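Student: Sequence first, then the predicted structure:
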Amino acid sequence: MKFTLRKFRPEDYERVIQLWQEGNLPLKLKGRDRQEEIEKQIKQPNVIFLVAEYEGEVVGTVLATHDSRKGWINRLAVDKRFRRKGVGQLLVRAAEAALEKEGLEMFAALIEEDNLASIELFRKLGYEYHPEIKYFTRKKYPEV
């Protein structure tokens, strides 16, 4: 199977949301995941939003960001029909390569504990698990 990678385009939005829903990723469709918000995000210099296509159909996605010190791999999702075919690995490695071009040498991913497929993939790709880290957030409002 031949997959092609390219940057996310606004017309990909509905399909990407479908992939995120299929992958049980937490969504904030009235907040940060609104189309208008994503269109603002992709204009930021520290945002890399990629999609994988197979025969013209978007079958995977990854959103990478950085804070100039560490690259973050976010929102990795692959169509169920194409899992375990290398799409996730292709997307992660492409995100890492794009982050490396920005001068980053350390990458991280936050993965929910029940997302066993992502945990397995990131371990396979050489990521180290840190059970001692506790993740905290504070939101201005719930949909952020």
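Tutor: That came in fine, so what should we check first?
Student: what about the longest strand seen in the chain, average pLDDT?
Tutor: Of all segments of type strand in the chain, defined using DSSP state E, the longest is strand 57-66. Strand 57-66 shows an average pLDDT of 98 in the prediction.
Student: Quick check: buried residues in the helix ranked longest in the chain?
Tutor: Among the segments of the chain that qualify as a helix by DSSP state H, the longest is helix 87-101. Going by neighbour count (16 or more other Cβ atoms under 10 Å), the buried part of helix 87-101 is 87-88, 90-92, 94-96, 98-99. In this view, the C-beta of every residue, glycine as well, is placed from N, C-alpha and C.
Student: Send over the longest strand of the chain as CSV, restricted to the C-alpha atoms.
Tutor: What follows is strand 57-66, C-alpha atoms only, in CSV (Å, rounded to 0.1, in the frame of the first residue of the first chain):
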residue,chain,number,x,y,z
GLU,A,57,-8.8,9.5,0.8
VAL,A,58,-7.6,10.9,4.2
VAL,A,59,-6.9,7.8,6.3
GLY,A,60,-4.7,9.2,9.1
THR,A,61,-3.8,12.4,10.8
VAL,A,62,-1.3,13.8,13.3
LEU,A,63,-0.9,17.2,14.9
ALA,A,64,2.5,18.2,16.1
THR,A,65,3.4,21.3,18.1
HIS,A,66,6.4,22.6,19.9
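Student: Much appreciated, bye for now.
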